[in-house]
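**Q** just a sequence and a predicted model for now, questions to come.
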Amino acid sequence: MTRGMETAIALVATLCVGALVAIDGTLPSAFTTLFFIPIILIAYRQPLAISALVALLAGLFSSPAMELAGVEIESPLLPVMWLGWPAVYLFLAVSLNQWASIQLQRGQLAQTELRLEEVGSRNLRRESELETLSAIHSTIMSGGDESAVLREITGRVADACGAKSGLLVMPAEEGGLQVIVPDERRAEMYKRFFPGGAPTGEGVAGWAMMHHRVAYTRNLFDDPRYEKLREFAALIGIVSSAAAPVELEDGGWGALVVSFDVEKDFTSEELTRLERLAHQTEIAIRSVRQRETLSRFAFETALALTEAIESRDPYTGGHCRRLAEYAGLVAERMHFPEKELEVVRLGAALHDMGKIVVPDSILKKPGKLTPEEYAIVKQHCYSGGQICKRVGFLMNAYPIVYHHHERWDGKGYPDGLKGDRIPKGARIVAVVDAYDAMTTDRPYREAMPLNEVWSILRDGAGRQWDARIVETFIETVHVHGDPELGLQPGSSVGRTGSELVLPGHQHN
């Protein structure tokens, strides 16, 4: 009903009550109380001016002015009636109208507060999402490997969505599907429950991967898309899930999934947020894979360069490749970050590249070097470092290449650094370089027995080499073995008591 119709009805009702007063013929009249009805109804719903108009009209019909219509008025009440009923009607109209206005304002204020709360909550969710996106970007830039980056992303996404858990389903290299989750405990549960890989095409993840659209389920136990996964969901306490497709650069598809331990009706805003996070995950996967490809390319390029230099000396063939492998295993055992681990491997591969400036007559000399010849050999650290400085993707390896002949006691070269002042990567390369030199044939001697090698390394620990790195390297060989020497994992690498010292030749 429109305001105009309400006003017309109120005015007609007031006129009708006035007619009844006139018909009654006396004032006060029993009908005057009926004026309250249109006044009350109109005061709640119409502006004050209209409410006052109805009240004034009702007051007119209740006043001595009705004598003009032949209504009799008791003389003693005549002065009172000029103000009595009109004042009551007007006061009622104004009071009710103001009360209704206050209630309306309260309602509007409550709605405004509710909208502000919704906006604030939405802003908080958006801020959380932006923080998640920023964290994902930082994770990509940190240099971690693909699995570490994706585990971090799934945990961040779960936090941003307020989910109990997050996971990423992707095609595995060996076929089937792999599931990436942020914590090792959940990963082990998946492996035990699905030793052959995650079920293909099941649940919201399978639907999202097949249809390339967002999928969700309020209760997966009532969802026909779940079969094998239903039992696992019951085990880990998952009730509802949503998944967004993740497009991979090779044309394949994965799915980013968030799961909750209660029934949940997903809003369009929540599903859109999950899509945005899935898009960022796509970027992360591509970025990490591109970085790893570039890293492998840089490493293989470095190896090709050093192997070209090694080809001058048939006795050192494969030396740099072996050192890169040894150094990488030691750095991994010492819990180096992935980015630093790659730098150590690169530095080990490049450590002898400066020997390109050493003449063949010195490099291949079977006897002991003269002091002058040894001074020329020592220049390979400086030359190799300068090459690294001039090539952008080799720059990080410079400290290792330049300092890999420093000694723990400060008697090394080129700068005579001592102890912890020597870059840790250079300390690792120094140990594995000595090991490889002693366990391979050289022009001036045959490969040394392994017992003597361990003895020499341990005797030099704390003087020539970092003792902790020596022990870590020995443990590493014990765990991984050395296929070059036929030494298998778990073989004895204990000290034999040999008192041999390093050979007198000074090529390494």
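**A** Done, it's in. Residues are numbered from 1 along each chain as shown.
**Q** so how many other residues sit close to D436?
**A** 23 (other Cβ atoms under 10 Å). C-beta here means a position set from N, CA and C on the backbone, and glycine is covered the same way.
**Q** assess the claim that it and R322 are in contact.
**A** Yes. With contact defined as Cβ atoms under 8 Å, D436 counts as touching R322 (5.5 Å).
**Q** hey, where'd the strands end up in the stretch 1-150 of the chain?
**A** 26-27, 72-73 (DSSP state E, counting those that start in this stretch).
**Q** select, out of those, the one closest to S62.
**A** Taking Cβ to Cβ, strand 26-27 is the member of the strands of the stretch 1-150 of the chain nearest to S62, at 7.0 Å.
**Q** partner strands of the closest one, with direction?
**A** strand 72-73 (parallel) (DSSP bridges).
**Q** got JSON lines for the strands of the stretch 1-150 of the chain, with mean pLDDT and mean neighbour count too?
**A** Below are these laid out as JSON lines (pLDDT from 0 to 100; neighbours: other Cβ atoms under 10 Å):
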{"stretch": "strand 26-27", "mean pLDDT": "72", "mean neighbour count": "17"}
{"stretch": "strand 72-73", "mean pLDDT": "70", "mean neighbour count": "14"}
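**Q** from G162, how far off is the closest residue to G237 other than its chain neighbours?
**A** Counting by Cβ to Cβ, 6 or more residues apart in numbering, D261 is the residue found nearest to G237 once chain neighbours are left out, at 5.0 Å. The gap separating D261 from G162 is 11 Å, by Cβ to Cβ, to the nearest Å.
**Q** and if you look at M395?
**A** Taking Cβ to Cβ, one finds M395 at 43 Å from G162.
**Q** how about E471?
**A** Distance, E471 to G162, by Cβ to Cβ: 47 Å.
**Q** then E173?
**A** Taken as Cβ to Cβ, the span from E173 to G162 is 33 Å.
**Q** those two: who's more crowded?
**A** Taking other Cβ under 10 Å, E173 and G162 do not tie; G162 has more neighbours (12 against 7).
**Q** and the pLDDT at that one?
**A** At G162, the model reports a pLDDT of 84.
**Q** and A215, by the same measure?
**A** Predicted confidence (pLDDT) for A215: 93.
**Q** again with the one 4 residues further on
**A** Per-residue confidence (pLDDT) for N219: 94.
**Q** T316 too?
**A** So T316 comes in at 53 (pLDDT).
**Q** and what of S147?
**A** Reported pLDDT for S147: 77.
**Q** any low-confidence regions in the stretch 1-150 of the chain?
**A** In the prediction, the stretch 1-150 of the chain carries residues with pLDDT under 70 at positions 1, 28, 30, 44, 64, 67, 73-85, 119-145.
**Q** on the three-state scheme, S259 is what?
**A** strand (DSSP: H, G, I helix; E, B strand; the rest coil).
**Q** wait, a helix at A198?
**A** No. A198: not assigned to a helix; according to three-state DSSP it is coil.
**Q** check whether it really touches L177, as I assumed.
**A** Yes. Contact criterion Cβ under 8 Å: A198 and L177 qualify, at 4.1 Å.
**Q** give me the common contacts of these two.
**A** Residues touching both A198 and L177 (Cβ atoms under 8 Å, 6 or more residues apart in numbering) are V169.
**Q** let's see stretch 205-216 as CSV, backbone CA atoms only.
**A** Output of stretch 205-216 as CSV, limited to C-alpha atoms (Å, rounded to 0.1, in the frame of the first residue of the first chain):
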residue,chain,number,x,y,z
ALA,A,205,39.1,-32.9,-6.8
GLY,A,206,38.4,-35.4,-9.6
TRP,A,207,35.4,-33.5,-10.8
ALA,A,208,37.3,-30.2,-10.9
MET,A,209,40.2,-31.8,-12.8
MET,A,210,37.9,-33.4,-15.4
HIS,A,211,35.5,-30.4,-15.9
HIS,A,212,38.0,-27.6,-15.3
ARG,A,213,35.5,-25.9,-12.9
VAL,A,214,35.2,-25.4,-9.2
ALA,A,215,33.4,-28.2,-7.4
TYR,A,216,32.2,-28.5,-3.8
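**Q** touching that stretch from outside, list them.
**A** 169, 198-201, 204, 225, 240-245, 247, 253-255, 257, 266, 271, 274-275.
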